[in-house]
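K.L.:
Fold the following.
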Amino acid sequence: MGKVILKNIGKNVAGSNDFLTFVCNYKNSRVMVFTETAIKGVWTIDPKVFADSRGYFFESWKRETFEAHIGKVEFVQENESQSSYGVLRGLHYQKGSYAQAKLVRVVKGNVLDVAVDLRKSSPTFGKHVMVELSSDNKRQLFIPRGFAHGFLVLSQEAIFTYKVDNVYAPQQEASIRWDDPFLSIPWPINMSDVISSEKDKAGVCWNEAVFFE
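P.N.:
Purely as a prediction, here's the structure:
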């Protein structure tokens with residue numbers, strides 16, 4: 001009986017046009033496209049999505065591919081947050097040896113993600129990268145250590161997830177105001193619609209921030 005079941009399963013799977021198309025496409029495609037942004041060390045990662053009548057599949061992370069493009073990063077924790085339209089979280093970072101590299105993506109909704117270069121030795125010190133991440137484009141953003149990070153929710157709801165290479169250290173966390181005039185980040189909604197925590201509202205101005213070398 002077991003042999004018959006296995007034979008039937010194999011026949012059903014092999015006879016599926018969707019399955020055969022998926023296998024051929026998967027074997028013959030680059031499954032991720034890595035693109036370095038205008039700020040060195042910050043990368044967008046666009047997955048190859050394999051979709052058919054059943055739904056879709058894509059690789060969201062693969063160590064070998066990631067390290068071949070970006071280098072070795074030991075992620076130790078993954079976090080998830082849920083937010084509503086207008087919520088702005090940031091600009092957050094951890095100081096010194098507690099700094100975190102992040103690999104961020106959105107599994108539901110749409111956000112505008114921002115990384116600010118805090119490395120004093122960098123030619124882009126004080127500059128920022130702004131990237132739209134959504135459950136539709138499935139794009140990810142890699143942010144190395146030495147950056148402040150934040151995002152603004154543009155959809156009714158957003159579920160945001162991110163890997164980090166260092167654990168949360170509340171005694172070393174810091175926040176720069178998302179509306180700092182020096183940074184002049186062009187958030188695309190009315191400031192009166194922004195929902196921010198009291199903690200983020202109390203973030204320091206750029207000229208009071210602790211930077212990286």
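K.L.:
Could I get the full set of strands for the chain?
P.N.:
Using DSSP state E, the strands of the chain run over 32-36, 43-47, 50-52, 55-57, 77-84, 88-94, 102-108, 110-117, 128-134, 140-143, 147-153, 157-164, 173-175.
K.L.:
what's the angle from the first one to strand 43-47?
P.N.:
Using axes from the mean of the first three to the mean of the last three CA atoms, to 10 degrees, the direction of strand 32-36 lies 160 degrees away from that of strand 43-47.
K.L.:
partners of strand 32-36, with directions?
P.N.:
Strand partners for strand 32-36, identified by DSSP bridges, are recorded as strand 43-47 (antiparallel).
K.L.:
which of the residues in stretch 129-149 are buried?
P.N.:
For stretch 129-149, the neighbour count (16 or more other CB atoms under 10 Å) marks 129-131, 133-134, 137-149 as buried. The way it works is simple: take the backbone N, C-alpha and C, and place the C-beta from them, glycine included.
K.L.:
go on, stretch 67-87?
P.N.:
Buried, per 16+ other CB under 10 Å, within stretch 67-87: 70, 73, 75, 83, 85, 86, 87.
K.L.:
got the end-to-end distance for that stretch?
P.N.:
Its first and final residues considered, stretch 67-87 spans 33 Å by CA to CA, to the nearest Å.
K.L.:
Work out the gap between that stretch and the centre of the chain.
P.N.:
Here stretch 67-87 is found 5 Å from its chain centre; the criterion is CA atoms, centre = their mean, to the nearest Å.
K.L.:
I'd like the average pLDDT over it.
P.N.:
Here stretch 67-87 scores 97 as its mean pLDDT.
K.L.:
How about stretch 146-165?
P.N.:
98.
K.L.:
Mind exporting the C-alpha coordinates of that stretch to CSV?
P.N.:
Taking C-alpha atoms only, stretch 146-165 is exported to CSV below (Å, rounded to 0.1, in the frame of the first residue of the first chain):
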residue,chain,number,x,y,z
GLY,A,146,27.3,52.7,12.1
PHE,A,147,23.9,53.9,11.0
ALA,A,148,20.7,55.2,12.5
HIS,A,149,17.5,53.5,11.2
GLY,A,150,13.9,54.4,11.1
PHE,A,151,10.7,53.8,9.0
LEU,A,152,7.4,55.4,8.3
VAL,A,153,4.2,53.3,7.7
LEU,A,154,2.4,54.3,4.5
SER,A,155,-0.3,51.6,4.5
GLN,A,156,-3.2,51.0,6.9
GLU,A,157,-1.1,48.4,8.6
ALA,A,158,2.4,47.2,8.3
ILE,A,159,4.2,44.2,9.8
PHE,A,160,7.9,44.8,9.8
THR,A,161,10.6,42.2,10.5
TYR,A,162,14.4,42.5,10.9
LYS,A,163,17.4,40.5,11.7
VAL,A,164,20.2,42.0,13.9
ASP,A,165,23.8,40.9,14.6
